[in-house]
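Novice: Provide a 3D model corresponding to the input given below.
(2 chains)
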Amino acid sequence: MHLLDMTAAELAEALAAKTVSAVELTRACLERIAAVEPKVHAFITVCAEEAFKQAADIDRRRLRGEPLPPLAGIPVAVKDNICTAGIRTSCASRMLQDFVPPYDATVVMRLKQAGAVVVGKTNMDEFAMGSTTEYSFFGPTRNPWRHEYVPGGSSGGSAAALAARAVPLALGSDTGGSVRLPAAFCGVMGLKPTYGRVSRYGLVAFASSLEQIGPMARSVRDLALLYDAIGGWDDYDQTTLPAEFIPTLPGLNKEIKGLRVGVPAEYFGPGLESAVREKVRSRLKVLQDLGLIVEEISLPTTEYAVAAYYVIAMAEASSNLARYDGVRYGHRAAGRDILAMFTRTRQEGFGPEVKRRIMIGTYVLSAGYYDEYYRKAQEVRTLIRRELEAAFTRCDLLLTPTAPVLPWMMGEKQRDPLTMYLADCCTVPANLAGLPGLSLPCGFVDGLPVGMQLLGPALSEPLLLRVAYHYEQAAASCHATPPEGGGAGGI
Amino acid sequence: MLTQEEVRQVARLARLELTSEEEQLFTGQIATIVTYMGKLQELSTGDVFPTSHVLPLQNVFREDLVQTSLTQEAALANAPDREGPFFKVPPVLEDPA
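Specialist: Numbering: from 1, shown residues only, chains lettered A, B, ... in the order given. Sure thing, here's the model as predicted:
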């Protein structure tokens, strides 16, 4: 078995048994990245020098017999909107093309404390705005399963790097599905935690009331390992939840018999591709065989989630991105006076989707439209939240598709942003309500991965991961490898 | 329906300079998206309280302790232009001369 086909948990054992060193593993990882990058383009920056330094340090500590943390020597990829001290963090934008953060995001600091080796920064839609990773200033990422298809977004680089066996672990961020959608499209796993469970300190802000950093991996055990390493209260983020963080890994094996799983009809409505519907519904049998009780339910306000989400996300984006003014960091264009400098800097620095969202966000917040759009969206957010909370008094978790459609061809939805937004219909409710959601592979249609989503009440990550773990043991489809060939040319 | 003039006005508010092609493209696209958002009006929300944040947190306090923070050099390291310890920008007010 090739080193990089192994899970992080398996690699941790190999490292502990000294059958491989952290430096050797890092080298294998970088070689694999170099081999797949020309076809997949999952990375914006590869940081070989820093990675070897970290790996050598781990090896030295292991030789000295020091007790090592759980991820010691494990390579991890980090989405390029998460700040890494001394390593460029571009957000896939011309605006931050040369931005080198002077500090680490809390999650990066925690990864380092856990011994993980950051090997690179992954590609994404500019400022995490998009569902395809085509809106990157550095060019698109391709789906490792079929290269002419999108990998999903906005954490498409992280998902593609995992699918291409370039890394065993990756971090993404999820504002409206940006961890879960690419996980589904690339046949890997991704968790969006409960809002406030993972620190956002050092995550470049897009829509602050919606987003969370989330772990991505190819096995549930790995997902739990990574989640346990990054979660919990942070002094630097006052929106983290003070509730005690209970590690999820030790409980994966616990019994799940008798749990009630709700299947909301609205997530299986007319907008859903029939092949996806069949694939996801066929998994209900697996869950029933595991002893779960399946119950059909209805969540009627679901159909308003995309509209409410985009109003709120764009409004918050227009405000958050006001900071890019060419003064303190980032791109600056020449200008005769300060106003000319501001407007030209933003004209040159932002790509089309970011501009579109700033424009719409500014519009829905402007005098005369605020009540009609922004306030209304916030009220609908309350309804969606209440409806989900009510569902969780009857069900322990919900099962839905992760996306209503299969991955689409590159370029297909670029002229029509609204169609792209509608692909987020299954993922945005969790962000609006602040609830955790986990995407799992559930098979293939025409060589393209399909994902299913588990949703749970606030702080139910241990439960979601446990159900996912049992499902993974029962379903072979969880660990398929992309064909050498990637449909079009091989990974 | 959204007009190109409105799009220009919003761009001014957002401090964006758009090319005329962008103005045209965005006018159609933004109109489509905003029309879709109008769907929210179908729902009666009456006296429903708006959610701006899902957290049960109000004010979060901490001890006012002195901690290390970024040095001035680190904070200025990414500045597009600087003069000594300052960020330097083009003129904000016209030169009266």
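Novice: shaky segments in the chain?
Specialist: Since no chain was named, I'll use chain A. Scanning chain A for pLDDT under 70 picks out A:1, A:477, A:484-491.
Novice: to clarify, I was referring to chain B.
Specialist: Under the criterion pLDDT under 70, the flagged ranges of chain B are B:95-97.
Novice: does the longest helix along it reach chain A?
Specialist: The longest helix of chain B (DSSP state H) is helix B:20-37. Yes. Using C-beta under 8 Å from any C-beta of the partner chain, helix B:20-37 reaches chain A at B:22, B:25-26, B:29-30, B:32-34, B:36-37. Every residue, glycine included, has its C-beta placed from N, CA and C.
Novice: do you know how far the residue of the stretch 51-200 of chain A found nearest chain B is from residue A:152?
Specialist: Nearest to chain B in the stretch 51-200 of chain A, going by C-beta to the nearest C-beta, is residue A:102, at a distance of 4.0 Å. Separation of residue A:102 from residue A:152 (C-beta to C-beta, to the nearest Å): 32 Å.
Novice: again with residue A:127
Specialist: Distance of residue A:127 to residue A:152, given as C-beta to C-beta: 17 Å.
Novice: okay, these two: which has more neighbours?
Specialist: Each of residue A:127 and residue A:152 has its neighbours counted (other C-beta atoms under 10 Å in any protein chain shown); residue A:152 has more, 35 against 28.
Novice: tell me which residue is most central in chain B.
Specialist: Centroid check for chain B by C-alpha atoms, centre = their mean gives residue B:14 as the closest residue, at 6.9 Å.
Novice: surely it meets residue A:360?
Specialist: No. Applying C-beta atoms under 8 Å, one finds residue B:14 not in contact with residue A:360, separated by 9.8 Å.
Novice: sorry, back to before: now the residue of the stretch 51-200 of chain A closest to chain B: phi and psi?
Specialist: Main-chain torsions, residue A:102, degrees, to the nearest 10: phi -80, psi 0.
Novice: thinking again about what came up before, give me the common contacts of residue B:14 and residue A:360.
Specialist: residue A:318 (C-beta atoms under 8 Å, 6 or more residues apart in numbering or on different chains).
Novice: and the stretch 151-300 of chain A, which residues reach chain B?
Specialist: So the stretch 151-300 of chain A meets chain B at A:195-196, A:209, A:235, A:238-239, A:241 (C-beta under 8 Å from any C-beta).
Novice: which one of those residues sits closest to chain B?
Specialist: Out of those, the member with the shortest distance to chain B (by C-beta to the nearest C-beta) is residue A:238, at 4.2 Å.
Novice: in space, what's closest to that closest one - neighbours in sequence excluded?
Specialist: Once flanking residues are discounted, residue A:238 sits nearest to residue B:60: 4.2 Å by C-beta to C-beta, 6 or more residues apart in numbering or on different chains.
Novice: one more: residue A:190?
Specialist: The shortest distance from residue A:190 to any non-neighbouring residue, by C-beta to C-beta, 6+ apart, is to residue A:183 (3.2 Å).
Novice: the one you found is in contact with residue A:174, isn't it?
Specialist: No. With contact defined as C-beta under 8 Å, residue A:183 does not reach residue A:174; the gap is 9.6 Å.
Novice: find the residues that touch each one of these two.
Specialist: Common neighbours of residue A:183 and residue A:174 are listed as A:155, A:190 (criterion: C-beta under 8 Å, 6+ apart).
Novice: so if I had to pick from those two, which one is more boxed in?
Specialist: Ranked by neighbour count (other C-beta under 10 Å), residue A:183 and residue A:174 place residue A:183 first, with 38 against 29.
Novice: contacting residues for the residue sitting nearest the centre point of chain A?
Specialist: The residue lying closest to the centre of chain A (C-alpha atoms, centre = their mean) is residue A:179, at 1.9 Å. Taking C-beta under 8 Å, 6+ apart as the contact definition, residue A:179 lies against A:155, A:158, A:172-173, A:190-192, A:214, A:216, A:439.
Novice: number of nearby residues for residue 38?
Specialist: Because you didn't say which chain, this covers chain A. Applying other C-beta under 10 Å, we find 8 residues neighbouring residue A:38.
Novice: the chain in question should be chain B.
Specialist: The burial count assigned to residue B:38 is 13, neighbours taken as other C-beta under 10 Å.
Novice: quick one: it from residue A:233, how far?
Specialist: In this view, residue B:38 and residue A:233 are 41 Å apart by C-beta to C-beta.
Novice: residues of the stretch 1-150 of chain A that sit close to chain B?
Specialist: By C-beta under 8 Å from any C-beta, the residues of the stretch 1-150 of chain A that approach chain B are A:98-100, A:102-103.
Novice: reformat the residues you listed as JSON lines; add distance to residue A:459 and neighbour count.
Specialist: Listed next are the residues of the stretch 1-150 of chain A next to chain B as JSON lines, based on distance: C-beta to C-beta, whole Å; neighbours: other C-beta atoms under 10 Å in any protein chain shown:
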{"residue": "A:98", "distance to residue A:459": "39", "neighbour count": "13"}
{"residue": "A:99", "distance to residue A:459": "34", "neighbour count": "18"}
{"residue": "A:100", "distance to residue A:459": "36", "neighbour count": "16"}
{"residue": "A:102", "distance to residue A:459": "33", "neighbour count": "16"}
{"residue": "A:103", "distance to residue A:459": "28", "neighbour count": "17"}
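Novice: nearest to residue A:419 among those residues?
Specialist: When these are compared for distance to residue A:419 (C-beta to C-beta), residue A:99 wins out at 31.9 Å.
Novice: so who does residue 51 touch?
Specialist: Answering for chain A, as no chain was given. Counting by C-beta under 8 Å, 6+ apart, residue A:51 has contacts A:26, A:29-30, A:75, A:117-120.
Novice: nope, chain B
Specialist: A:378-379, A:381-382, A:385, A:432.
Novice: same thing with residue A:55?
Specialist: Contacts of residue A:55 (C-beta under 8 Å, 6+ apart): A:21-23, A:25-26, A:73, A:117.
Novice: got it, and residue A:427?
Specialist: Shown in contact with residue A:427 (C-beta under 8 Å, 6+ apart): A:174, A:176-177, A:180-181, A:192, A:402-403, A:437, A:453.
Novice: these two touch, right, residue A:374 and residue A:311?
Specialist: Yes. The criterion here is C-beta under 8 Å, and residue A:374 meets it with residue A:311 at 6.1 Å.
Novice: residue A:200: how many residues sit nearby?
Specialist: 23.
Novice: ok, now how distant is it from residue A:385?
Specialist: Distance of residue A:200 to residue A:385, computed by C-beta to C-beta: 20 Å.
Novice: repeat that for residue B:64.
Specialist: Look at residue B:64 and residue A:385: by C-beta to C-beta, they are 35 Å apart.
Novice: which of those two has more residues huddled nearby?
Specialist: In terms of neighbours (other C-beta under 10 Å), residue A:385 is the more surrounded of residue B:64 and residue A:385; the figures are 18 against 5.
Novice: so what's that one closest to, chain neighbours aside?
Specialist: Nearest to residue A:385 is residue A:433, by C-beta to C-beta, 6+ apart, at 4.2 Å.
Novice: then residue A:376?
Specialist: Counting by C-beta to C-beta, 6+ apart, residue A:376 lies nearest to residue B:40, which is 4.8 Å off, once chain neighbours are set aside.
Novice: wait, doesn't the one you found sit right on residue A:378?
Specialist: No. Between residue B:40 and residue A:378 there is no contact under C-beta under 8 Å: 10.2 Å.
Novice: which one's more surrounded, those two?
Specialist: residue A:378 (22 against 18).
Novice: show me what the one helix or strand that one maps to is packed against.
Specialist: Assigned by DSSP states H and E, residue A:378 belongs to helix A:376-394. Judged by 3 or more C-beta pairs under 8 Å, 6 or more residues apart in numbering or on different chains; DSSP states H and E, helix A:376-394 is in contact with strand A:260-264, strand A:293-297, helix A:305-320, helix A:428-433.
Novice: what packs against the third one?
Specialist: Going back to what we said before, that points to helix A:305-320. Counting contacts by 3+ C-beta pairs under 8 Å, 6+ apart, helix A:305-320 packs against helix A:352-365, helix A:376-394, helix A:417-422, helix A:428-433, helix B:20-37.
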